[in-house]
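[1] Model the structure of this input:
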Amino acid sequence: MIRRLLPSALVIAFTGAAPSISGPATSSDRVPGGADRGMPRFRADGALLRPDGVERWVLVGTSLGLGYSNATDDGVGMFHRVYLEPGAYEHFLRTGGFRDGTMLALSIRKPVNRVPPSRAGWSEGELAALELAVKDPERFQGGWAYFDFGRDARSARVLPRERCARCHAEHAARDNVFMQFYPQLRAR
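    Prediction:
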């Protein structure tokens, strides 16, 4: 099992029917048909629906082999990419804060070594997991919740507080977000 923590802020642009939407929407967040753009969507049982198109969100940080325990792995470690939903990113640029409904996505990929024509080095291989952080103080104790979709789950339940939320609250640079790892955010 891969151990890692999520950044904090995610928003979903999910197509298809979804039972409910969390977070306030402004007129700039509305899209035709009344759906909220960039807001997380939950099933009636509280599970978060996996967003489509995360790779098209704003890339705010990358890392290689970053871990949160003293365990060591053979090799270079996993590739991490952290994405912020575009509407939440624009809000952050305007205000310096994360709006309710903000989502951050952590894409974790396996390393691949010496893929031809390269003779050395590592590149990103297959997706190992997608994790999301969602800001919703009305729904989640501490304001943020963290979700693990694995490689291909369509929905995910909130992870136990001990898994991610506690560490984010204690060590994040601002508002439960590890901005110390994200150049696009820490420059603001």
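
[2] Residue 178 versus the closest residue to residue 155 other than its chain neighbours, what's the distance?
    In space, and not counting its chain neighbours, residue 155 is closest to residue 47: 4.1 Å by CB to CB, 6 or more residues apart in numbering. Where C-beta positions appear, they are placed from N, C-alpha and C, glycine not excepted. According to CB to CB, to the nearest Å, residue 47 and residue 178 sit 25 Å apart.

[3] Look at these two and report which has more neighbours.
    residue 178 (25 against 16; other CB atoms under 10 Å).

[4] Can you work out which other helices and strands pack against the host helix or strand of residue 133?
    Remark: residue 133 resides in strand 122-135, with elements defined by DSSP states H and E. Applying 3 or more CB pairs under 8 Å, 6 or more residues apart in numbering; DSSP states H and E, one finds that strand 122-135 contacts strand 103-113, strand 144-148.

[5] Ranking the ones you listed by mean neighbour count, which comes first?
    Each of these was scored by mean neighbour count; the highest is strand 144-148, a mean of 25, by mean count of other CB atoms under 10 Å.

[6] What is the following helix or strand past that strand packed up against?
    Using DSSP H and E, the helix or strand that directly follows strand 144-148 along the chain is strand 155-156. Under the contact criterion of 3+ CB pairs under 8 Å, 6+ apart, strand 155-156 touches strand 48-49.

[7] circling back: where among the helices and strands packed on strand 122-135 is average confidence lowest?
    Lowest mean pLDDT within the helices and strands packed on strand 122-135: strand 103-113, at a mean of 93.

[8] quick check, distance from it to the centre of its chain.
    What separates the centre of strand 103-113 from the centre of its chain is 10 Å, taken as CA atoms, centre = their mean, to the nearest Å.

[9] cool, stretch 111-127 as well?
    Distance of stretch 111-127 from its chain centroid, counting by CA atoms, centre = their mean, is 24 Å.

[10] Contacts for it, please.
    64, 75, 76, 77, 78, 79, 107, 108, 109, 110, 151 (CB atoms under 8 Å, 6 or more residues apart in numbering).

[11] mean confidence score for stretch 56-67?
    pLDDT averaged over stretch 56-67 gives 91.

[12] how long is it end to end?
    End-to-end distance of stretch 56-67 (CA to CA, to the nearest Å): 25 Å.

[13] Tell me the buried residues in that stretch?
    Neighbour counts over stretch 56-67 (16 or more other CB atoms under 10 Å) mark 57, 58, 59, 60, 61, 63, 67 as buried.

[14] tell me the two of the residues you listed that are most distant?
    58 and 67 (24.2 Å; CB to CB).

[15] what separates the closest residue to residue 188 other than its chain neighbours from residue 185, distance-wise?
    Spatial nearest neighbour of residue 188, chain neighbours left out: residue 96 (6.0 Å); criterion: CB to CB, 6+ apart. The gap separating residue 96 from residue 185 is 10 Å, by CB to CB.
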